[in-house]
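[1] pasted the sequence and its predicted model underneath.
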Amino acid sequence: MSLFSWLRPSRPGLDEHQQARLQQLPAAPAVLGETTLRDQRWVVLDLETSGLNLNRDQVLSIGAVVIEDGAVDFSQQFERTLQRAQTKLSPSVLIHGLGPSAIAAGCDPAEALLDFMAFVGDSPLLAFHAPFDQHMLGRALKDSLGYRLAHPFLDVADLAPLLCPQAHIREAGLDDWIAHFNLQVGERHHASADALATAELMLILFSRARQQGLDSPAALQQRLNQWKRRKQAPSF
Amino acid sequence: MRHDNDKKTAVMVMSKADAFTQAGKTAVLQNIHGTLQFLQRFPPFNQMENAHLAFLVEQCQLRFYGPGESILKPSAGPVEHFYIVKQGRVVGERPDSAETTFEITTGECFPLAALLGERATRTEHKAAEDTFCLQLNKPAFIKLFALSGPFRDFSLRGVSSLLDQVNQQVQQKAVENLGTQYSLNTRLGELAMRHPVTCSPLTPLREAVTLMHEQQVGSIVVVDEHKTPLGIFTLRDLRHVVADGISDFTQAIERHMTQAPFFLSPDHSAFDAAIAMTERHIAHVCLVKDRRLCGVVSERDLFSLQRVDLVHLARTIRNAPRVENLVAIRGEIGQLVERMLAHGASSTQITQIITLLNDHTVCRVIELTLAEKGDPGVPFSWLCFGSEGRREQTLHTDQDNGILFDARDAAHAAEIRGLLLPLAQQINQSLALCGFTLCKGNIMAGNPELCLSRAEWARRFAAFIREATPENLLKSSIYFDLRVVWGDEQGCEQLRQGLLEQVADNRLFQRMMAENALRQRPPVGRFRDFVLTRKGADKATLDLKVQGLTPFVDGARLLALANGIAANNTLERLQQLVDKEVIERLDGAAYEEAYHFIQQTRMQQHQLQTRENQPYSNRVDPDSLNHLDRRILRESLRQAQRLQSSLALRYQL
């Protein structure tokens, strides 16, 4: 226990059952493995939040799909709207479409997050602009469960230009990539639909990665790190 | 939801009200719902219950395949999954060639036959571009198969079920104009519901007629102790008996019956019976299975149900007292065709019937002309060429005819020609009155060049083959489909045999014909859609006859002539080419189906034009067809393309 723990607002009490579930969550893998891309189970995540402020805004809904055995498995999908007591109606409602009534009808955040982490298991996570999702999810887990998120994340927004250098779209958003590959998306800015679109993009990217001789999560991670270093290094 | 520009666009497209109303829905998972909606745009998914469709989607995996990536191959063993193309394009390649045999695009599924047959696919399925497929595992496929009727029907019939759906649509459309629905494809066994009335050959006439009277039937079949039919006695025969003044009604019926009555098996179709009755001028057909009588179908059985008075029409034509009567009757043929489409007749059945009725008309015109002008006393045969020769006429038809006669020498031939020409010209004119448009190219019996003796015809044909000029090639594509409509058929058969021998021996001529057959390219591009021609301000269209049917007709003619096949009809030629192993069975079936479909589309178009009082045209705008028709038309034209590439390969063009 930190010395300053008393300064924080008290952590919402988890009941016994929830405590038990928290204990049973599998440990997160430290690094990405050497299995083939096809053998690795991945969870593709998208969050809708009350805004873009990393410290103030809250996770409102979680959508996730699983890539297993090299395919999006429709029988494994995650979709939850979180109940938030004091959300102000902000302009972001116009993007995610989660009105006060939907938020009020959502489920207990602790339950939802426990369900989600059980769904994730020990799989690495993929998201478009992953640092944002990683941070928001990490904060929500800490606040609601006192859980420290340690799962590896890969950022699809980095993987896409890395693996498709010929696409020539700089600083591209998910919409740009969706348009580039002519993907059919059900309903943008719905956490699940966005997660599926991201997953479809990932299937294409895995295929491109294999063509480029990158056939393990570790190899992918390594190449990504090199690429990011090169991008940040001053060019002469 | 993280890029500012994302945000702005979203704010612009979505009004506040929309955003709030959309917020509440959580019942069905968004992605399941989205995929469900996607599938509901395509058959058979659009006919399936929502619960079954949801089951399908929940069990699916979504896979991606890059260009050239193999999805299924023959060497991979029995197929374990059912696939639906969500996006992209899948092509099929036979193991022995890199030639594309089919193309599967968004909303279509595969490989039904292999999956149901629990075997490997025969063709390798490859992605032609970035492709996403929904993949359903076999246990889930089987469960769905058990659960959903529409899915089961679709799977069992595969692509042919698509064709069936088209047929159903055709029928429905026509039925809207007519009322009842009744299929000419009905098994005769189902039509002949009553037990046939029979008697033994020694039954006295009076007893037999009493039996007919009691049972209220128009015929009695005379059978032996094994129930094998020996003869039939009908009301018409009774009329003869009475007219002949026979008063001894104790005579055995065998003395007055029609011997060896015509019969079909119960598995033949109503159409077969209708054709037989029309050809033979009979009103009753016995149904025989294993040599035992099992039913009788009468004209009334057929036509009281469907009111397609084919036999009546044929009989009226054959007995028309004057050309003017024929002109009047001809109008009824159009109505008949409409009714037949309504009753589910196929394009082959309809062309066959039109040809039959046209033949009757031609014969009657010749008979009437001979009666009017006097018989020249020289035997001759009336020939027809082109589509009439192939028995592939539609309502929209030209005259292509000629005369064949026997002569000792050139002088004798000229003398006979002098006798026959005025007659032939009169016949041409009368036929024109009956709706057979005069031939612009003057390919008509009244033309001295087409009223020839057998030796003259043989010389003419030999010249076509020897000097393969473009003009001669064009002529051979018309004349070499010759057939006798009226008169003795022997001379024509001898001509044909000579023709077949010369073509088989002349590889160069075959090659030129092949080149000719490649001139009309089916209007499908390499990438999935149609390549259309635009004439001035007209809409972009394609010509169903020239660009769709001609490749099949030309290809089949060439291969038939080169392989000694005497048949004229394109489908018969294809059939015999398969039997002779000149073309593969699978290919033959695909060509046949494709030809069929294009012809069917063309006829529907003609019917529509008639109804709307527009001039006949073979041009169609693919956009005016529904989704299903477009897809099948595209596939059909692709088959024409395949036939052409096989010719190019065969003749190294």
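    Cool, the structure landed.

[2] quick one: the helices in chain A, in order.
    Assigned by DSSP state H, the helices in chain A fall at A:16-24, A:93-96, A:100-104, A:109-120, A:130-145, A:156-163, A:174-180, A:191-211, A:217-232.

[3] what comes up buried for the last one?
    If I follow you right, that is helix A:217-232. A:217, A:219, A:220, A:221, A:223, A:224, A:227 (16 or more other CB atoms under 10 Å in any protein chain shown). Every residue, glycine included, has its C-beta placed from N, CA and C.

[4] what residues does it touch?
    A:31-35, A:37, A:40, A:124, A:152, A:154-155, A:158-159, A:162, A:209, A:214 (CB atoms under 8 Å, 6 or more residues apart in numbering or on different chains).

[5] now residue A:139: how far from residue B:446?
    97 Å (CB to CB, to the nearest Å).

[6] tell me which residue is most central in chain A.
    Centroid check for chain A by CA atoms, centre = their mean gives residue A:45 as the closest residue, at 3.3 Å.

[7] hmm, residue A:61 and that one touching each other?
    No. The pair residue A:45 / residue A:61 is not scored as a contact, 11.3 Å apart, by CB atoms under 8 Å.

[8] okay, now residue B:85: neighbour count?
    Residue B:85: 21 surrounding residues under other CB atoms under 10 Å in any protein chain shown.

[9] kindly list the main-chain dihedrals of it?
    When quoted as degrees, to the nearest 10, the phi and psi of residue B:85 stand at phi -80, psi 120.

[10] check residue B:132 too.
    phi -110, psi 130.

[11] next one: residue B:548
    Dihedral angles (degrees, to the nearest 10) for residue B:548: phi -100, psi -50.

[12] which residues are in contact with the closest residue to residue B:516 other than its chain neighbours?
    Leaving aside its sequence neighbours, residue B:516 sits nearest to residue B:473 (CB to CB, 6 or more residues apart in numbering or on different chains; 4.9 Å). By CB under 8 Å, 6+ apart, the contact set of residue B:473 is B:464, B:512, B:513, B:516.

[13] apply 10 Å and report the result again.
    B:464, B:465, B:467, B:509, B:512, B:513, B:515, B:516, B:517, B:519 (CB atoms under 10 Å, 6 or more residues apart in numbering or on different chains).

[14] my read: the first one touches residue B:470, true?
    No. Using CB atoms under 10 Å, residue B:464 is not in contact with residue B:470; the gap is 11.6 Å.

[15] quick one: low-confidence parts of the chain?
    Just going to use chain A. A:1-12, A:85-105, A:186, A:234-236 (pLDDT under 70).

[16] I was after chain B.
    Within chain B, the stretches with pLDDT under 70 are B:1-28, B:94-101, B:156-185, B:192-194, B:302-311, B:339-345, B:525-539.

[17] three-state assignment of the residue in it positioned nearest to chain A?
    Taking CB to the nearest CB, chain A has its nearest neighbour within chain B at residue B:34, 2.7 Å off. At residue B:34 the chain is in helix, as set by DSSP: H, G, I helix; E, B strand; the rest coil.

[18] which residue ranges form the helices in the stretch 401-550 of chain B?
    B:410-433, B:454-466, B:470-479, B:490-505, B:507-517, B:550-562 (DSSP state H, counting those that start in this stretch).

[19] just the buried positions in the second one, please.
    Spelled out, that is helix B:454-466. For helix B:454-466, by 16+ other CB under 10 Å, it's B:454, B:456, B:457, B:458, B:460, B:461, B:464, B:465.

[20] the second one contacts residue B:412, doesn't it?
    No. Residue B:456 sits out of contact with residue B:412 when judged by CB under 10 Å, with a separation of 11.1 Å.
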